[in-house]
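S.K.: Please find the sequence and the predicted model below.
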There are 2 protein chains.
Amino acid sequence: MSYVAYVNGPGSVYMKRVKRAELIKQTRDKLLAAGRKAFARDGYHAASMDQLTADVGLTRGALYHHFGSKRGLMEAVVEQIDTEMAGRLRDALKDATDRRQALIDEGVAYIKLALEPEFQRIVLRDGPAVLGAPMHWPSQNACLAGTIERIQHLVDTGEIAPVDAEAAARLLDGAVLDAAMWIAAADDPAAVAQRAIDAFTRLASGLVAR
Amino acid sequence: MSYVAYVNGPGSVYMKRVKRAELIKQTRDKLLAAGRKAFARDGYHAASMDQLTADVGLTRGALYHHFGSKRGLMEAVVEQIDTEMAGRLRDALKDATDRRQALIDEGVAYIKLALEPEFQRIVLRDGPAVLGAPMHWPSQNACLAGTIERIQHLVDTGEIAPVDAEAAARLLDGAVLDAAMWIAAADDPAAVAQRAIDAFTRLASGLVAR
DNA sequence: TCCATAACATACGAGGCGTATGTGAAATAT
DNA sequence: ATATTTCACATACGCCTCGTATGTTATGGA
């Protein structure tokens, strides 16, 4: 790993190394994307690794090299989705004024995010069966940690009555995810979503009471 | 199907028919019990039908005759567990005095029931992945229907402020089940259970407010 | 220039599920 | 009372899938 930057023009050893690293990353990304698509469409169990890799012009050899196992690919896919979700949730809440109201808004925003079929199928449905309880996932803590922090802050500033922040966050999380699955399975998702959001607001009002 | 009861002593054609039906039922029950045990111990995917049936002195032939598929066995097992749970939940709530408090007690009781590893693994973890969203299960409605009915009654009698009973029930359900998985995964389940129950009481207080 | 390692592809073996088929006993029809 | 059909399984087969072991080629380092 010894090179001098200012002599690295195109075609230099350094650039070739960079190029190669990019190709490898592209291979990994292709597998990841193919896995995400296959898991979302067919479900974890029905997704065939042979099929999935062939779809992007590779073989199972590449997959097992990069991810170690079918489960390993699933872990990577779940982490990717979860990270995206956490980011989008953060964006949706970044300009909140009333912090107490923001807690309720967070739940509502989470419900809307959790409606996406890809998230439902991979993270909510197959994820626990394949990877075990979400509490043990490193990624899943991203969303939850934010909620815990927000609740704790409300307690610390006296904006809401004291409550166990983590416990409250987990309860809200469970309620919200369950609601999302209910909505997704409904004939009229929009109507059911409104019912769920109203009920959630009512429920959360008990938490944010002063 | 024409026989006269008072001439049916032991050894009669009728008795033989009864005996045979009992044997068939025993076979079914043995398979069901074996499936329940194997699914709880190994998880749905890792459970082998060959192994499972051999454990009770049968073959896969018997299994596919009675249940049609591995998934069919899973459905039967889930229904059995869910039915048991609904019954135990009903027992735990049958002598409640304060109906508003009973709604909270119901959540607490459900948390305790949902702590059982068999329920967690089969119904909560593997169930959704194998059978799809629980809303589509015929059995899952047993517990939920009871909760909906209780909430609706509280609303009708004016004991609590009006709320969408089904939506509220589903939210509580999700919160409670999530809490149960949190508790089960904890190092100190007893302590975490208390935190969850306290937080749930606080949360539900928003629902039962007049 | 030679060797080690990385990034894949190929080949192999082991289960597992579902189904098609076989079988003997019981139920039913004649 | 006998013949036929149906039931409750057991047996046998084929297909698919995953994981691993083994090449193979190209790159990085000495």
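M.R.: Here it is on my side, so go on. Numbering: from 1, shown residues only, chains lettered A, B, ... in the order given.
S.K.: C-alpha only now, for contacts and for neighbours.
M.R.: Will do.
S.K.: contacting residues for the spatially most central residue of chain A?
M.R.: Closest residue to the average C-alpha location of chain A: A:Asp82 at 1.3 Å, with C-alpha atoms, centre = their mean. A:Asp82 makes contacts with A:123, A:139-140, A:142-143, as judged by C-alpha atoms under 8 Å, 6 or more residues apart in numbering or on different chains.
S.K.: Look at it and report its pLDDT.
M.R.: Per-residue pLDDT puts A:Asp82 at 91.
S.K.: Tell me the first helix or strand C-terminal of the helix or strand harbouring it.
M.R.: Assigned by DSSP states H and E, A:Asp82 belongs to helix A:70-93. Heading C-terminal from helix A:70-93, the first helix or strand you meet, by DSSP H and E, is helix A:99-113.
S.K.: could you give the angle of the biggest helix by length in chain A to helix A:70-93?
M.R.: The longest helix of chain A (DSSP state H) is helix A:13-42. Interaxial angle, helix A:13-42 versus helix A:70-93 (axes from the mean of the first three to the mean of the last three C-alpha atoms, to 10 degrees): 90 degrees.
S.K.: What separation do you get for the residue nearest to the centre of chain A and B:Phe67?
M.R.: As judged by C-alpha to C-alpha, to the nearest Å, A:Asp82 and B:Phe67 stand 37 Å apart.
S.K.: Then A:Arg121?
M.R.: As judged by C-alpha to C-alpha, A:Arg121 and B:Phe67 stand 26 Å apart.
S.K.: per-residue confidence at A:Ser205?
M.R.: 88.
S.K.: okay, now it: neighbour count?
M.R.: For A:Ser205, the count of nearby residues is 22 (other C-alpha atoms under 10 Å in any protein chain shown).
S.K.: What helices and strands are in contact with the helix or strand containing it?
M.R.: Secondary structure from DSSP H and E places A:Ser205 in helix A:189-207. In this structure, helix A:189-207 makes packing contacts with helix A:99-113, helix A:165-185, helix B:165-185, helix B:189-207, judged by 3 or more C-alpha pairs under 8 Å, 6 or more residues apart in numbering or on different chains; DSSP states H and E.
S.K.: any residues touching the last one, and which ones?
M.R.: It refers to helix B:189-207. Against helix B:189-207 from outside (C-alpha under 8 Å, 6+ apart): A:163-164, A:167-168, A:171, A:202-207, B:104, B:107-108, B:160-161, B:168, B:172, B:176, B:179-180, B:182-183, B:186.
S.K.: Buried ones only from these, please, as a PyMOL command.
M.R.: Listed next is the PyMOL selection for buried residues among the contacts of helix B:189-207, using 16 or more other C-alpha atoms under 10 Å in any protein chain shown:
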select buried, (chain A and resi 163+164+167+168+171+202+203+204+205+206+207) or (chain B and resi 104+107+108+160+168+172+176+179+180+182+183)
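S.K.: so what are the domain limits for chain A?
M.R.: The record's domain parsing of chain A by automatic domain parsing lists A:1-68, A:71-210.
S.K.: Dump the ones you listed to JSON lines, plus distance to B:Asp98.
M.R.: Formatted as JSON lines, the domains of chain A follow (distance: least, C-alpha to C-alpha, whole Å):
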{"stretch": "domain A:1-68", "distance to B:Asp98": "45"}
{"stretch": "domain A:71-210", "distance to B:Asp98": "19"}
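S.K.: can you pick the most crowded of the contacts of A:Asp82?
M.R.: A:Val123 (25 neighbours).
S.K.: was I right about that residue contacting A:Ala76?
M.R.: No: the pair A:Val123 and A:Ala76 fails to qualify as a contact (C-alpha atoms under 8 Å) at a distance of 11.4 Å.
S.K.: Looking at A:Arg121 and B:Phe67, which one has more neighbours?
M.R.: Legend: neighbour count by other C-alpha under 10 Å for A:Arg121 and B:Phe67, higher for A:Arg121 (22 against 17).
S.K.: Run the angle between the helix holding A:Asp82 and helix A:99-113 for me.
M.R.: 140 degrees.
S.K.: Buried residues of helix A:70-93, list them for me.
M.R.: Buried-residue list, helix A:70-93, by 16+ other C-alpha under 10 Å: A:70, A:73-79, A:81-83, A:85-86, A:89.
S.K.: Just put these in JSON lines and tack on distance to B:Ala33.
M.R.: Shown next, in JSON lines, are those (distance: C-alpha to C-alpha, whole Å):
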{"residue": "A:Lys70", "distance to B:Ala33": "31"}
{"residue": "A:Leu73", "distance to B:Ala33": "34"}
{"residue": "A:Met74", "distance to B:Ala33": "31"}
{"residue": "A:Glu75", "distance to B:Ala33": "32"}
{"residue": "A:Ala76", "distance to B:Ala33": "36"}
{"residue": "A:Val77", "distance to B:Ala33": "35"}
{"residue": "A:Val78", "distance to B:Ala33": "34"}
{"residue": "A:Glu79", "distance to B:Ala33": "36"}
{"residue": "A:Ile81", "distance to B:Ala33": "38"}
{"residue": "A:Asp82", "distance to B:Ala33": "37"}
{"residue": "A:Thr83", "distance to B:Ala33": "41"}
{"residue": "A:Met85", "distance to B:Ala33": "40"}
{"residue": "A:Ala86", "distance to B:Ala33": "42"}
{"residue": "A:Leu89", "distance to B:Ala33": "44"}
